[in-house]
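Colleague: Fold the following and give me the result.
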Amino acid sequence: MSAKPPPPHVSPPSMYYSKLALRVLQFVISIAIVGLVASLASTGLYAFFNLIIIIPQAGVSIIWAVSEIICIWARGGHRGIHPGACVAVDLLLWLALVGGTAGLTLLGLLTTVADAVVDSYQSGSYYSDYDDDYYYGETYDILDDIQVKGQALVGLGAVLTILHFVTFVIACVETSIRNSRPQQVVYLGPNQHNSPMHPGMGGQASPYTSLSATNWDHGQPAPVYSPQPQEQGQVYYQGGQRVKA
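Modeller: Numbers count the residues shown, from 1 in each chain. Now for the predicted structure:
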């Protein structure tokens, strides 16, 4: 007898189409996040902060979404990746994206403060210097570009967080369905063993059954074995030696 794990849960068409659509959206949004961060490369330190805050989550999301899409189309029943693995990875992703989106929001607030400082400097100046006007005008344009793209990054990060949370919930439901199914118990017949049959296996009587193992009627006296008298001239063996009577 052996116990097999629960049978694989085959998702209905509506479920795996939903998972496929969610993974495609995750892939597209993650690519957009990478593109926005790359477009901010000229900003120097701001781009570096974005790189360490949101790019790792976006990169893992791209890899995971592509893997799930391939599995949904390749595996039988469009089952995708094992739901237990999806629970773990999507949980880590949406938690990491919450932190990344919060970091992007903080960067946006700092950029707004810097923009306000530049505006106050320009409005409080009582003289006009061409170099200063050019420098602070260029700085203002950079800060304005950072603000717009930073807000877009925050929005995309929030949407990507929600998408991974939804796929996390779906994976939890599929894991619960899979674990609620009873295990399949398989009984192996005597001829299904890989080893050859031995006496006493599979219902065969063993020629080596001892006297103590037989169904002995304890109400009857036990048999007594006494040596038979040997006839004159008869050859017999005693203690392994040949003796002649």
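Colleague: So which bits of stretch 39-56 are buried?
Modeller: By neighbour count with 16 or more other CB atoms under 10 Å, stretch 39-56 contains the buried residues 40, 43, 46-47, 49-50, 53-55. For the C-beta atoms, the positions are set from N, CA and C on the backbone; glycine is no exception.
Colleague: how about TSV for the residues you listed, with secondary structure and distance to residue 33 added?
Modeller: TSV is the format used below for the buried residues of stretch 39-56 (DSSP: H, G, I helix; E, B strand; the rest coil; distance: CB to CB, whole Å):
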residue	secondary structure	distance to residue 33
40	coil	11
43	helix	16
46	helix	15
47	helix	13
49	helix	14
50	helix	9
53	helix	11
54	coil	6
55	helix	8
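Colleague: low pLDDT regions in the chain?
Modeller: 1-11, 76-77, 114-140, 181-245 (pLDDT under 70).
Colleague: Please repeat the previous calculation with a cut-off of 80.
Modeller: By pLDDT under 80, the low-scoring segments of the chain are 1-13, 16, 41-47, 50, 75-79, 108, 111-146, 178, 180-245.
Colleague: quick revisit: and the buried residues of stretch 39-56, which is closest to residue 21?
Modeller: residue 54 (23.0 Å; CB to CB).
Colleague: contacting residues around that closest one?
Modeller: By CB atoms under 8 Å, 6 or more residues apart in numbering, the residues touching residue 54 are 33, 37, 97, 100-101, 103-104, 153, 157.
Colleague: please redo it, this time with the cut-off set to 7 Å
Modeller: Contact analysis of residue 54 by CB atoms under 7 Å, 6 or more residues apart in numbering lists 33, 37, 100, 104, 153, 157.
Colleague: In a markdown table, list the buried residues of stretch 39-56 along with distance to residue 67.
Modeller: Shown next, in a markdown table, are those (distance: CB to CB, whole Å):
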| residue | distance to residue 67 |
| --- | --- |
| 40 | 28 |
| 43 | 33 |
| 46 | 32 |
| 47 | 28 |
| 49 | 29 |
| 50 | 25 |
| 53 | 24 |
| 54 | 20 |
| 55 | 19 |
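Colleague: No further queries at this time; thank you.
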